[in-house]
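S.K.: Predicted structure and sequence below. I'll ask about it afterward.
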Amino acid sequence: MTPSTPRVETTLHGRVAHALAILAAALLSAWPALLNRYPLLYADSLSYLGEGLPVLKAFGHRPVTFIAMRSEFYSLAIFVFHWGISPWPVVVLQALLTAYIVWLVARAFIARCLAAKYLILMALLSALTSMSWYVSLVMPDILGPILYLCICLLVFAPETLSKREHWAVALIAWFGIVSHSTHFVLTLGIIALLAAMLLFKSRLMQHRGRALGEIALLVAAAAVAQVALHTYLYHEPSLNGRRLPYLSARFIADGPEKWYLQQHCATEQWVLCANVKNLPDNDDDFIWGDNTIWTKSSPADQQLILKQETPLLLATMRTYPRQQIAISLDSFWQQLNDFGVNDFDNNTWMEDSIEETMPGSHARYERSLQARSVVPTTFFTQLQRWPVYAAILILAASLPWLWRTRQTRFQGFLIVIIPTLVANAFITAVASEVDSRFQARVVWLLPLLAALIVFCWRDSRREASVGS
């Protein structure tokens, strides 16, 4: 049994009503920015806000001397909205995208009173989960969960989408893929998982090979676009552009790579051996700041650090496999359980740089709660834990019902979302650092699915009672 395919509204009155519901939901989801009196910012936000114009100017101007530190696609896309004037349109864009995709997901499962239940759902998600915080944050973080929902729609609920909606979802998914390297990697993992299920003839993947091929084409299109842009900007083909040595920073901070260098620099030639006595215990102290190993290295040495990153990592793993695995698993477990919304305090560098990035914004930012480090994140961090824990219990308790009634659409969503949340914790903790932001940006998908299961279960009970 699968939820009935909803009828796509074709009347003008119906389309207007649904559009108003989406607009109202978008407004609800942006309440942290409204409370703050300014869009929420992270240190990386200024890079995204400031790099769109140089990327745009790079077209038609040679040679290109600009080097972006973040996703050029996200920076360019949001620049079309903020134009260096105000970050508020970025929040509007993210709120609308989130509200629209959640609408399509809700429509795939809710058979009756859709608009009312959708607004209740969005109100609960906005008030009780981390969703609204990442809608309000000028970062591509919210595009990750939106992307994973888009994949679920395209693979497990394509019949619920009109042709225009199908193209819109595909475009939003592509944008999500190119907006962050983690999204790209996790999408590859989803494809691998679903391809394995297809290969072993899983019932869930029956007649879904074409849809999975569409997701693979979106990834291929994202890869081609990234390689083409990076080749144009930096004169060399690359998926990641001028990336930073995050892996080296992480594994040195963990300890084993530092131990390896300390023991082998006398006999092996690694560019980091020049700093073997000054290797930091913190990954931030390897990359960020004016006096770090990375910033003090010459451009030639930086290229060598990147070139030697993978060989050095493999050598470390061969020498200290148990130690590194134990440290990585511990980081993974910490990340899996760390999803607080507590990254919204003021940052001195951010405060000093915002005027240069967006002229005229410093005074407006100074009036925000974030500028005074009084955003009530502690309360909401504690509050959102309860919906997440409740969602886990609901999802676990609903598994027999989902299996017994053959809710294949729900099963498909769960088989994508649950492993993706686990993989997100593993990849971010092992390859970057343990940071509550990494898991908080996706964990709201659990309450979303749990709420939809409750709605669907109540509808099925009502139908059964009427039928009897």
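M.R.: Structure received.

S.K.: Could you measure from residue 322 over to residue 304?
M.R.: Distance, residue 322 to residue 304, by CB to CB, to the nearest Å: 29 Å. To be clear about C-beta, it is placed using only N, CA and C from the backbone, and glycine gets the same treatment.

S.K.: just residue 329 next, same as before
M.R.: Taking CB to CB, one finds residue 329 at 30 Å from residue 304.

S.K.: Same question for residue 446.
M.R.: 43 Å.

S.K.: more crowded one of those two?
M.R.: Remark: of residue 446 and residue 304, residue 446 carries more neighbours, 23 against 16, as counted by other CB atoms under 10 Å.

S.K.: so when I look at the more buried one, I'm seeing a helix, right?
M.R.: Yes. When DSSP: H, G, I helix; E, B strand; the rest coil is applied, residue 446 is found to be in a helix.

S.K.: contacting residues for it?
M.R.: By CB atoms under 8 Å, 6 or more residues apart in numbering, the contact list for residue 446 reads 388, 391-392, 395, 417, 421.

S.K.: Can you give the domain ranges for this protein?
M.R.: Domain segmentation of the chain under automatic domain parsing yields 12-243+337-463, 246-319.

S.K.: Low-confidence stretches in the chain?
M.R.: Residues of the chain that meet the criterion pLDDT under 70 lie in 1-10, 60-68, 289, 463-468.

S.K.: Next, the buried residues of the lengthiest helix in it.
M.R.: What stands out as the longest helix in the chain, according to DSSP state H, is helix 377-404. By 16 or more other CB atoms under 10 Å, the buried positions in helix 377-404 come out as 377, 380-381, 384, 387-388, 391, 394-395, 398, 402.

S.K.: try stretch 33-44
M.R.: Neighbour counts over stretch 33-44 (16+ other CB under 10 Å) mark 33, 36, 38-42, 44 as buried.

S.K.: what's the most buried one of the domains of the chain?
M.R.: Compared across those, domain 12-243+337-463 shows the largest average neighbour count, a mean of 18 (mean count of other CB atoms under 10 Å).

S.K.: ok now it, how far from the chain's centre?
M.R.: Chain-centre distance of domain 12-243+337-463: 5 Å, with CA atoms, centre = their mean, to the nearest Å.

S.K.: Quickly note the distance from the closest residue to residue 415 other than its chain neighbours to residue 385.
M.R.: Leaving aside its sequence neighbours, residue 415 sits nearest to residue 204 (CB to CB, 6 or more residues apart in numbering; 6.5 Å). To residue 385, residue 204 is 31 Å away according to CB to CB.

S.K.: before we move on, what about residue 74?
M.R.: 29 Å.

S.K.: contacting residues for the residue nearest the centre of the chain?
M.R.: Centrality entry for the chain: nearest residue to the mean C-alpha point is residue 144, 2.8 Å, by CA atoms, centre = their mean. Taking CB under 8 Å, 6+ apart, we find residue 144 in contact with 176, 180, 182-183, 186, 424, 441-442.

S.K.: The residues you listed: which two are farthest apart?
M.R.: Set against one another by CB to CB, the contacts of residue 144 have their most distant pair in 176 and 424, with a gap of 13.2 Å.
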